[in-house]
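Enquirer: Pasting the sequence and the predicted model now:
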Amino acid sequence: MMLTNNPFAELTLVLPAAVMQFFVVSMILLVIISTGLDMLHKKNVIYFFRNAKKAKKSAKKELSNGKKAAVILKTVAHDIATTSELGMGKRRIAHVLGMYGTLMFWIASVVLIFKYTDGSSAPDYLTTVWHSGAILTCIGGYWFWFFLRVDVSAEAHPWYRIITADLFVLALLACATFGLIWSFTQYSGMTSLSYLFLILYIVSNLVLFGGVYWSKFAHMFYKPGAAIQKNLAEADGSRDNLPPPADAPEQFGLGIKREQPKHY
Ligand code: HEM
């Protein structure tokens, strides 16, 4: 079955495992270096800590370490693990599919490349995680790309209009799509086609990881940090120096029901 094919094992016939491992390490280094450069350039981390320090001054109570740990754990389990800031609906489901799909795809790739390129055969569940991860990434990603992107769903731009902000999602989709076709063509014995898709798979990984400085890639590190800070500021009463919610009921009249608010 194609799902249990380990495409990296067959690749060792033409590419030594050490080369693949070097590639993986280089991609990780690219993420670290580019995110570091991005932080220096945007100064977002300096702002983040300065703002957190300022907010702390208006804290209503001092949080114990236990309370802080509880807030952080809850943020990880709820806000981060379920992308709660996207509210209820398609946008959140698509993101969760893509996020877990990508994590499965990446983790399985690393284990397959570091552990099962020495001639030993990979367990079926692992290759299945690799393929399913890529498939979930495609479902969430293409759903987002064709239907949910703000430019398309609210601004009425055609789906094929591409801007720099699309670099991340498109490179991610290219990796998952070409990875799957590479495995399929290799498994089906379409040798020359499989090399074509292998090259496309490698190039899309270079674009995804080489493009971190220009793409939205680093949001997967920034968003969790911001969510933790927001919930800590809520718990200690400083609320990032924002006023408390009004005590009055939320009455906006019937007009608000006439049309979905989507002209943002
Ligand atoms: C492996 C981890 C993750 C992956 C692969 C991922 C993937 C993506 C992709 C492809 C997009 C669409 C980007 C675009 O606007 O073109 C996106 C948007 C977004 N992500 Fe993530 N993400 C990850 C982690 C996270 C985390 C941890 C959070 C928050 C805690 C988060 C929050 C968001 C939000 C709020 C958006 C905007 C969604 C929208 O416009 O509908 N992401 N993410």
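Expert: Done, it's in.

Enquirer: make it CA atoms for all contacts and neighbour counts henceforth
Expert: Will do.

Enquirer: If we go by neighbour counts, what in the helix or strand hosting residue 208 is buried?
Expert: Residue 208 is part of helix 191-210, with elements assigned from DSSP states H and E. Under the neighbour-count criterion of 16 or more other CA atoms under 10 Å, helix 191-210 has 194, 197-198, 200-210 buried.

Enquirer: So the helix or strand following it, near the ligand or not?
Expert: Following helix 191-210 in sequence order, the next helix or strand is helix 219-235 (DSSP H and E). Yes - using CA under 6 Å from any ligand atom, helix 219-235 comes into contact with the ligand via 220, 223, 224.

Enquirer: Mind checking which of those residues are buried?
Expert: So, by 16+ other CA under 10 Å, the buried ones in the residues of helix 219-235 next to the ligand are residue 224.

Enquirer: now the residues of helix 219-235 next to the ligand as a markdown table including pLDDT?
Expert: As requested, these are arranged in a markdown table below (pLDDT from 0 to 100):
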| residue | pLDDT |
| --- | --- |
| 220 | 97 |
| 223 | 97 |
| 224 | 97 |
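
Enquirer: Please enumerate the helices of the stretch 51-200 of the chain.
Expert: 65-74, 90-115, 124-143, 150-153, 167-187, 191-210 (DSSP state H, counting those that start in this stretch).

Enquirer: close to the ligand, is the last one?
Expert: No - counting by CA under 6 Å from any ligand atom, the ligand has no neighbours in helix 191-210; the shortest distance is 10.9 Å.

Enquirer: So which elements touch that helix?
Expert: helix 17-42, helix 167-187 (3 or more CA pairs under 8 Å, 6 or more residues apart in numbering; DSSP states H and E).

Enquirer: CA-only coordinates of the last one in PDB, if you can.
Expert: Think helix 167-187. Only the C-alpha atoms of helix 167-187 are listed here, as PDB (Å, rounded to 0.1, in the frame of the first residue of the first chain):
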ATOM      1  CA  LEU A 167       4.500  32.600   0.400                       C
ATOM      2  CA  PHE A 168       4.100  30.500   3.500                       C
ATOM      3  CA  VAL A 169       0.900  28.700   2.800                       C
ATOM      4  CA  LEU A 170       1.800  28.100  -0.800                       C
ATOM      5  CA  ALA A 171       5.200  26.700   0.000                       C
ATOM      6  CA  LEU A 172       3.700  24.500   2.700                       C
ATOM      7  CA  LEU A 173       1.100  23.200   0.200                       C
ATOM      8  CA  ALA A 174       3.800  22.600  -2.400                       C
ATOM      9  CA  CYS A 175       5.900  20.500   0.000                       C
ATOM     10  CA  ALA A 176       2.900  18.400   1.100                       C
ATOM     11  CA  THR A 177       1.600  18.000  -2.500                       C
ATOM     12  CA  PHE A 178       4.900  17.200  -4.200                       C
ATOM     13  CA  GLY A 179       5.900  14.900  -1.300                       C
ATOM     14  CA  LEU A 180       2.800  12.900  -1.800                       C
ATOM     15  CA  ILE A 181       3.100  12.700  -5.600                       C
ATOM     16  CA  TRP A 182       6.800  11.800  -5.200                       C
ATOM     17  CA  SER A 183       5.900   8.900  -2.900                       C
ATOM     18  CA  PHE A 184       3.100   7.800  -5.200                       C
ATOM     19  CA  THR A 185       5.100   7.800  -8.400                       C
ATOM     20  CA  GLN A 186       8.100   6.100  -6.700                       C
ATOM     21  CA  TYR A 187       5.800   3.400  -5.300                       C
END
